[in-house]
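> Coordinates only, no sequence provided:
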């Protein structure tokens, strides 16, 4: 099964040498599950011809806001609607979660409660998962037809299921604590409150459920369901 990765952000220059670009994070997360991958850097206005260019699609995170005025956002929203209409499974992570919601009629904005960074625990229908986060924006209005399938104390709409169509999550199962440390040392300085960054460092080292989320992604790609 070929997964098309729609890259919506670029990794910090200071971290690329050690970690690479964002599509590689997902290729590692979903390795050994029988997928092949091709990336289109939509943030640089490189788009596929249409939904049929891949069997399933994944939209990455980004430093940009879904509501910002960038020339690549309207065509990305149209591509999202085309993918959904074509019944190609679609997964979104962080910005991907937000832009899919916006494209489908939801609303995204800067959360008044501020940033969430580092390890967070999410309630997936009674099953807790600990996954790293790095965001201030949130989906504040859920699109019609989407189901909230995970919440946290900080994020009411932490994961959405568009039955048989898309599965999206706010946190980053592709991030380890090492990359969060890198973000704290680069993009976090002067942007995220120091107290939040210190708290995130204090919670590092605990087990992450990235592998469990990867299994959910794979199941959705292959079967169109989480159950």
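Structure received. Here the structure is a predicted model, which is why all the values come from computation and not from measurement.
> Quickly list what the spatially most central residue of the chain is bridged to.
The centre of the chain sits closest to residue 93, judged by Cα atoms, centre = their mean, with a distance of 1.0 Å. Beta bridges link residue 93 to residue 169, judged by DSSP bridges.
> pLDDT at it, what is it?
Note on residue 93: pLDDT of 98.
> Residue 5 now?
For residue 5, the model assigns a pLDDT of 98.
> That one: how many residues sit nearby?
Residues contacting residue 5 under the criterion other Cβ atoms under 10 Å number 26. Glycine gets a C-beta too; all of them are placed from N, C-alpha and C.
> neighbours of residue 10, just the number please.
Look at residue 10: counted by other Cβ under 10 Å, it has 16 neighbours.
> With residue 102 instead?
The number of residues packed near residue 102 is 21, by other Cβ under 10 Å.
> and if you look at residue 202?
Residue 202: 10 surrounding residues under other Cβ under 10 Å.
> same question, residue 149
Using other Cβ under 10 Å, residue 149 is surrounded by 19 other residues.
> tell me the phi and psi of residue 58?
phi -140, psi 130 (degrees, to the nearest 10).
> just use 55 as the starting number from now, easier for me
That works, and once the first residue is 55, the last one we named lands at residue 112.
> Now do the contacts for it.
Residue 112 makes contacts with 57-60, 80, 144-147, 150, 271, as judged by Cβ atoms under 8 Å, 6 or more residues apart in numbering.
> Tell me which of those fall in helices.
Members of those lying in helices (criterion: DSSP state H): 80, 150, 271.
> Neighbours of residue 210, how many?
For residue 210, the neighbour count with other Cβ under 10 Å is 15.
> Please look at it and residue 202 and confirm they touch.
Yes. Using Cβ atoms under 8 Å, residue 210 is in contact with residue 202, at 7.4 Å.
> Need the overlap of contacts for the two.
With Cβ under 8 Å, 6+ apart, residue 210 and residue 202 have no common neighbours.
> Not counting stretch 151-160 itself, show me its contacts.
By Cβ under 8 Å, 6+ apart, the residues outside stretch 151-160 that reach it are 62, 113, 120-121, 127, 130-132, 134-135, 138, 144, 146, 161-162, 191-193, 195-200, 211, 213-214, 216, 220, 222-224.
> Out of those residues, list just those in strands.
113, 144, 146, 161-162, 191-193, 195, 213-214, 216, 220, 222-223 (DSSP state E).
> Would you check that residue 94 makes contact with residue 102?
Yes. With contact defined as Cβ under 8 Å, residue 94 reaches residue 102; the gap is 5.2 Å.
> what residues are shared contacts of the two?
Common neighbours of residue 94 and residue 102, counting by Cβ under 8 Å, 6+ apart, are residue 58.
> how about the helices of this protein, start to end?
Applying DSSP H to the chain gives helices spanning 67-73, 76-83, 127-139, 149-157, 231-239, 248-256, 264-277.
> for the ones you listed, which one sits closest to residue 169?
Minimum separation from residue 169 across the helices of the chain (Cβ to Cβ) falls at helix 248-256, 5.6 Å.
> Perfect, that will be all.
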